[in-house]
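Chemist: build me a model:
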Amino acid sequence: MIAHIRIPRMVSRASAVSALTVAAVGGTIAVPGSPPEAKATATTVAFKALRIAASQRGAPYVYGAAGPHRFDCSGLTQYAYKGAGKPLPRTAAAQYNRTRPITASSRTRGDLVFFHGSRGVYHVGLYAGDGRIWHAPKTGTVVRLERIWTRHVSYGKVR
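Modeler: From the prediction side, this is the model:
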């Protein structure tokens with residue numbers, strides 16, 4: 001179900017864009033007149049990190065870059081979590097070692113998704129829900145939302 005929200009003129013464009021970003025990553029926002037049981041999931045560190053990663057949509061991939069305008073995969077996750085108040089190490093493998101392993105059934109938006117190959121962890125992104133991640137894929141691409149393309153992944157919750 002898609003909810004249509006009328007945004008009053010007094011709301012700034014930036015506020016409207018922020019609300020749309022929250023909606024795009026699957027969060028909830030407080031809307032005047034909404035029921036009191038609607039929770040503001042945007043307050044968790046993981047959700048803040050996810051929102052920050054999503055706000056970088058379209059930023060170019062550059063190997064070794066950690067923002068604010070260019071990213072590689074672990075640079076994006078590091079940047080997003082630092083902005084949410086949780087520092088992470090620089091590489092995907094070091095981030096893997098810093099997180100608490102969780103099962104696929106217990107993953108939530110903003111958890112880290114680690115991709116494994118024969119040489120270990122080679123890629124990382126932020127879980128966005130519905131089998132998708134925000135990530136910086138590879139040279140020649142940009143930060144984007146994409147379906148998880150393999151079963152060779154594990155999940156980690158940032159401590």
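
Chemist: following the helix or strand bottoming out on mean pLDDT in the chain in sequence, what is the next regular element?
Modeler: Of all the helices and strands that make up the chain, the one with the lowest confidence by mean pLDDT, DSSP states H and E is helix 13-24; it has a mean of 46. Towards the C-terminus, the helix or strand next in line after helix 13-24, according to DSSP states H and E, is helix 45-55.

Chemist: packing partners of that next one?
Modeler: In terms of contacts (3 or more Cβ pairs under 8 Å, 6 or more residues apart in numbering; DSSP states H and E), helix 45-55 is packed against helix 13-24, helix 73-83, strand 120-129, strand 132-135, strand 153-158. Where C-beta positions appear, they are placed from N, C-alpha and C, glycine not excepted.

Chemist: hmm, 10 Å instead?
Modeler: helix 13-24, helix 73-83, strand 120-129, strand 132-135, strand 144-147, strand 153-158 (3 or more Cβ pairs under 10 Å, 6 or more residues apart in numbering; DSSP states H and E).

Chemist: need the ones you listed in a markdown table (columns: distance to Gly67).
Modeler: Shown next, in a markdown table, are the helices and strands packed on helix 45-55 (distance: least, Cβ to Cβ, whole Å):
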| stretch | distance to Gly67 |
| --- | --- |
| helix 13-24 | 17 |
| helix 73-83 | 4 |
| strand 120-129 | 14 |
| strand 132-135 | 13 |
| strand 144-147 | 15 |
| strand 153-158 | 17 |
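
Chemist: just put the ones you listed in CSV and tack on mean neighbour count.
Modeler: Formatted as CSV, these follow (neighbours: other Cβ atoms under 10 Å):
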stretch, mean neighbour count
helix 13-24, 13
helix 73-83, 24
strand 120-129, 21
strand 132-135, 25
strand 144-147, 14
strand 153-158, 19
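
Chemist: between these, which gets nearest to Ser55?
Modeler: Nearest of the helices and strands packed on helix 45-55 to Ser55, taken as Cβ to Cβ: helix 13-24 at 6.1 Å.

Chemist: show me the shaky parts of the protein.
Modeler: Judged by pLDDT under 70, the chain has its weakly predicted residues at 1-43.
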